[in-house]
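Enquirer: no sequence for this one, just the structure:
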Ligand SMILES: [Zn+2]
């Protein structure tokens, strides 16, 4: 009888702990909710899914992301942190420092017909440049916030190495913002030339 009671107590404790864990993982901060509104306005998507990668990056998505995509995000951040360390940067080197939005692609290739999913966003400072496709432009990724560090990528289930690459590339802007503001300013605006990788 005593053992039985203990067992059921353990089971219910385990139940409580898992409920608490789920609540912590799904709690979004005030800043994250502001980012979500910004990402929704830019992309036209609704980010109803909130989850985390195995290494702790926080992820919003318009539908449940496949595990392989979450793993590819972690890998992209790993590559980014490795490059950052080589340059002596040490701020924002944890996966949990990053909030990533996975947007619905509006186009599956670049203008040359090569496979790489893109989302359409308003042109802003890229108006009138080669990026301008009539008031909007296509991007595979874009930075949307600095505190917390946040960017949006296009969903890509076919070429996961591209997911890792886009994560690493957008992350470069955020690493530079927090570690080397001068270089950030020199490289942030691609309409004035320059691309990725910035950190070799
Ligand atoms: Zn860039």
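Expert: Yep, it's here. Computed from a predicted structure; not experimentally measured. Residues are numbered from 1 along each chain as shown.
Enquirer: by contact count, what packs against the longest strand that the chain contains?
Expert: As assigned by DSSP state E, the longest strand anywhere in the chain is strand 115-122. For strand 115-122, the elements it packs on are helix 30-43, strand 107-109, strand 136-139, strand 149-154, judged by 3 or more Cβ pairs under 8 Å, 6 or more residues apart in numbering; DSSP states H and E. Where you see a C-beta, it was placed from the backbone N, CA and C, and this is true even at glycine.
Enquirer: any residues touching stretch 184-200, and which ones?
Expert: Defining contact as Cβ atoms under 8 Å, 6 or more residues apart in numbering, one finds that stretch 184-200 is touched by 80, 83-84, 86-87, 125-126, 129, 131, 168-169, 172-173, 175-177, 183.
Enquirer: for PyMOL, what selects the buried ones among those?
Expert: One line in PyMOL is enough to select the buried members of these, burial here meaning 16 or more other Cβ atoms under 10 Å:
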select buried, resi 80+83+84+126+131+168+169+172+173+175+176+177+183
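Enquirer: ranking the helices and strands packed on strand 115-122 by mean pLDDT, which is last?
Expert: Per-stretch mean pLDDT for the helices and strands packed on strand 115-122 is lowest at strand 136-139 (a mean of 89).
Enquirer: what's in contact with that one?
Expert: By Cβ under 8 Å, 6+ apart, the list of residues contacting strand 136-139 from outside reads 106-107, 110-111, 118-123, 126, 131, 154.
Enquirer: quick one, which of those residues are buried?
Expert: 106, 118-121, 123, 126, 131, 154.
Enquirer: so which of those residues comes closest to residue 95?
Expert: Ranked by distance to residue 95 (Cβ to Cβ), the buried ones among the contacts of strand 136-139 are led by residue 154 at 20.3 Å.
Enquirer: distance of the residue lying closest to the closest one once chain neighbours are set aside relative to residue 36?
Expert: Nearest residue to residue 154, sequence neighbours excluded (Cβ to Cβ, 6 or more residues apart in numbering): residue 117, at 4.1 Å. Note on residue 117: its distance to residue 36, by Cβ to Cβ, to the nearest Å, is 21 Å.
Enquirer: before we move on, what about residue 87?
Expert: 31 Å.
Enquirer: and for residue 192?
Expert: From residue 192 to residue 36 the distance is 29 Å (Cβ to Cβ).
Enquirer: between the two, which is the more surrounded one?
Expert: Each of residue 192 and residue 36 has its neighbours counted (other Cβ atoms under 10 Å); residue 36 has more, 20 against 10.
Enquirer: what segments of this structure are helices?
Expert: 2-26, 30-43, 67-86, 160-179, 181-187 (DSSP state H).
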